[in-house]
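# output the structure for:
(2 chains)
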Amino acid sequence: MWETFIVTPLTNVLLWIYQLVGGNFGLAIIIFTILIRLITHPLMAQQIKSSQGMQEMQKSKKWQDIQKKYKGDKEKLAQEQMALYKELGVSPFGACLPTLIQLPIIFGLYQSIMRALAASPMQLLSLTRSLYSFFHISDLIPLNSHFLWMNLGQPEKLFLPFLPGVGIPLLAIVVAISSYFQQKLITPPSATPGDQGAAMSKMMAVYMPLLMGYFAMTFASGLAIYFIAGNLVGIAQYAMLGKLDWKNLLPGSKKAEVKPK
Amino acid sequence: MKTKFLYLALGLLVLAFMLSGCGTGMTPSSWAGVTTDGDTAYVALATHVYAVQVSNGVERWRFPEKPDAKKTFFAAPTLTPDGQLIVGGYDRILYSLSPSDGSINWTFEGSKDHWIGGAVVGNDMIFAPSADYNLYALNMKGELQWTFTAEQALWAQPVVDDTRVYFGSLDHYVYALDMKTGKPAWSTELDGAILGSLNLGADGILYAGTLGGSVYSLESSTGKINWQHSLSSWIWSGPVLGDGNLYVGDQLGMIVSLQADSGKENWSIQPDGPVLGSPLVLPNEVIFGTESGSLVAVDGDGKTTWSQAITGKLYSTPVLAGDFILVAPVEGDGTLIALDQNGTQQWVYTPVK
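Model prediction:
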C-alpha cells in the first residue's frame, strides 16, 4: 500500500523529471522538491493559519485569565481551554493535521530519492521493480549521480587544492545554516515568553540545524540537496504568505513580547 | 504550548524515521558472497565474514569477532594462491585475512566507495573493482600499483588471462586492461549496465550479460562483438560456459541455454521466479537458484532433474564445495545451506549471535 501509492509513484515522477532535465539527478531532486512543496502548499497555508489562530487565542486576555484562575486545577483548566477553543472556533489540532497529512509525502519523497540513487544491488533490485513500463531501463540505469562536485549517492566533502587531504563538508554546513535561517524566520514570537514551550523552541532552533547538518554530513549528499531545497522553498513559501519574521535574524534582537489584550 | 510540544515530538519522530531508513541496518544492501576451497566455505554476509567447515557446517571463525555496524560485507571473498583471503567491505576497506583464523594481514583503504564485487588474482597481482568507478591493482602485500577509472561503478568480479584483466561496468562498457600497466587495450559498449562477472572461455571468447537483457560474445583480443542474443528481461549475472553452451537466467525467471559459438538458443524453461545469480555448471547438470527459493537442476536438454525448495530467496550463485552444493539464501532459515548433488539438504549453518 505504502509502496504502491506513495513511494513508487514518487520514484517514477522523480526519474521522469531526471530524464526530462537531461539526466541531471541533482537538478531533478531540486525540481521534485519544489513540485511536491507546491502541491502541498495549501496544506502548509492551512497549517500556518491554524497556528496563527492558536497564537492569537493564547495572546487573548480571556486565555491568560483562565491560565491564572485554574493554575492549580489541571482538569478544570483543560475543560475551560476546550470551551474557549469551541467559542473562538479554533481547533487545537488544526495546526498539526495538515502536518500529519504532509508527513507521508515527506517520507515518500525521501525514500524515493534514496531508492533512485540505487547504490547497492538490493536497492537497484528494488528500483527496477518500482519503475513503470514506460521507462527503458537500459537508458535509465545507471543514474548519473554526479552533480557539481558531488556524488549524490555518497556523503559530500569538498577538497580544495590548497588544503590537501582535508575534506570540507560544505553541503552539511549549508544545510545547517539554511535550517537555522528557516527556523529563525518562520518561528513566530511566543505568546508566553520564558515558559517551557518558548525555551523548547529556542533549543530546537539550535539543535535541529545541527542535527540536520549531521545527517547531511553522514548520509548520501542527494539527501542534503533535498534538505537545502526544502529549506529554501519553505522560506519562500512563508515569504509568499507574508509570515517571515526578519527581525529574528538580527543579532541581539529579542522577540516582541506580547502583552495580553 | 501543547501544540509546540506536539510539533517537537512530531519533528523528532520524522527524524527518527528518516534516520532509520538511512542506515543499512534495516534491510541488507546485497546478498551473500560465497567462496570455497573445498574444505572451508567463506561467506561474506552483513556484519561478518564467516568461515564454515564444509563437511559439517560448523563455524571455524568469523571476522570481525564482534559486529560493527560500520563494517558490512557482501562481496564474494577471494582466495589467493599464496594463502590470503581478500574481501572488501561496505566500509570501503579491502581486507587481506588469514584463511586459517581470520586475522588481518593488511588492509587497503584507497577506495572512496563500497566494495560490491569480489577481487581476482592474476600474475601475482590483485585486481579489485570498486563502486567508486575504479579498478585497483595491488601487489600481494596490498600496495597500490595502478588505478583505472571507468565512467560508472564496478560491481562485478573481473576475469583475467595471462596478460589482461577484463571487467564490465554499470557504464555499459566492457574493458580490457593491460595487467602490468592498467592501460586500456580496448573497451566495447553494450546495451546496458553490466552487473555480473564476464566469462572467459579457453578459446579467448568473452561472454557478458547486461541489464538491457542481452547476452554478448566478444573477442577478448579486440573487443569485437561476435554475436548478441536478447532475452525476455534484465540479466543480473554473467552467463556461465559448459560443454560449448552458455547458461543464463533473467529477471522474468527464464533459464536459457545458448550455443556459445553462435548465440543460437538451445532451449529455455521458466521454473518459478526471477533468476538473479549465475548458474552452477556441473558435468551433467546446471543448477539455478530462483528468487522464489527453488534450487533447480536442469540437464543438457533443459529437463528438470530435481528441484528443491529452500526457505528464502536465492540471489547468490550456488557454489560447489567438494560433493556439496552450497547456497546462501536471503531472508531464509539459514545463512548457508549444503545440499548433496541430488538436492537433499545436508546441513544448515546459522551464525550464533
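# how close does A:Pro142 sit to A:Gly153?
With distances taken as CB to CB, to the nearest Å, A:Pro142 is found 10 Å from A:Gly153. Quick note: C-beta positions are derived from backbone N, CA and C, even for glycine.
# quick check: neighbours shared by those two?
A:Ala118 (CB atoms under 8 Å, 6 or more residues apart in numbering or on different chains).
# the two: who's more crowded?
A:Gly153 (24 against 20; other CB atoms under 10 Å in any protein chain shown).
# was I right about that one contacting A:Arg115?
No: between A:Gly153 and A:Arg115 there is no contact under CB atoms under 8 Å: 11.5 Å.
# quick one: low-confidence ranges for the chain?
As the question left the chain open, I've gone with chain A. A:92-102, A:188-198, A:201, A:248-261 (pLDDT under 70).
# wait, chain B was what I had in mind.
Using pLDDT under 70, chain B drops low at B:1-28.
# where along it do the helices fall?
B:2-22 (DSSP state H).
# repeat that for the stretch 1-150 of chain A.
A:2, A:8-20, A:25-39, A:41-59, A:61-69, A:74-88, A:96-117, A:121-130, A:137-140 (DSSP state H, counting those that start in this stretch).
# please apply the same query to the stretch 151-261 of chain A.
A:170-186, A:196-218, A:221-240.
# quick one: closest of the ones you listed to B:Asp171.
Among the helices of the stretch 151-261 of chain A, the nearest to B:Asp171 by CB to CB is helix A:221-240 (19.3 Å).
# now do that closest one and helix A:170-186, the angle between them.
20 degrees (axes from the mean of the first three to the mean of the last three CA atoms, to 10 degrees).
# name the helices or strands packed onto helix A:221-240?
Applying 3 or more CB pairs under 8 Å, 6 or more residues apart in numbering or on different chains; DSSP states H and E, we find helix A:221-240 packed against helix A:25-39, helix A:41-59, helix A:96-117, strand A:146-147, strand A:150-151, helix A:170-186, helix A:196-218.
# now with 6 Å?
helix A:25-39, helix A:96-117, helix A:170-186, helix A:196-218 (3 or more CB pairs under 6 Å, 6 or more residues apart in numbering or on different chains; DSSP states H and E).
# wait, which of those is closest to B:Gln345?
helix A:96-117 (35.2 Å).
# could you give the number of residues near A:Gln79?
Neighbours around A:Gln79, by other CB under 10 Å: 13.
# and residue 222, how many residues sit next to it?
In the absence of a named chain, this looks at chain A. 26.
# switch to chain B, please.
B:Thr222: 11 neighbours (other CB under 10 Å).
# does the closest residue to it other than its chain neighbours have beta-bridge partners, and which?
Distance criterion CB to CB, 6 or more residues apart in numbering or on different chains; nearest residue to B:Thr222, sequence neighbours excluded, is B:Trp186 at 6.2 Å. Here B:Trp186 sits in beta bridges with B:Ala176, going by DSSP bridges.
# find the nearest non-adjacent residue to B:Pro318, please.
B:Leu280 (4.1 Å).
# can you pull the contacts of the one you found?
B:Ile287, B:Pro318, B:Leu320 (CB atoms under 6 Å, 6 or more residues apart in numbering or on different chains).
# just the residues you listed now: which is nearest chain A?
B:Pro318 (17.2 Å; CB to the nearest CB).
# residue contacts, that closest one?
By CB under 6 Å, 6+ apart, the residues touching B:Pro318 are B:Leu280, B:Ile287, B:Gly289, B:Ile325, B:Val327.
# could you redo the last one with a cut-off of 8 Å?
So B:Pro318 contacts B:Gly277, B:Pro279, B:Leu280, B:Ile287, B:Phe288, B:Gly289, B:Leu295, B:Ile325, B:Leu326, B:Val327 (CB under 8 Å, 6+ apart).
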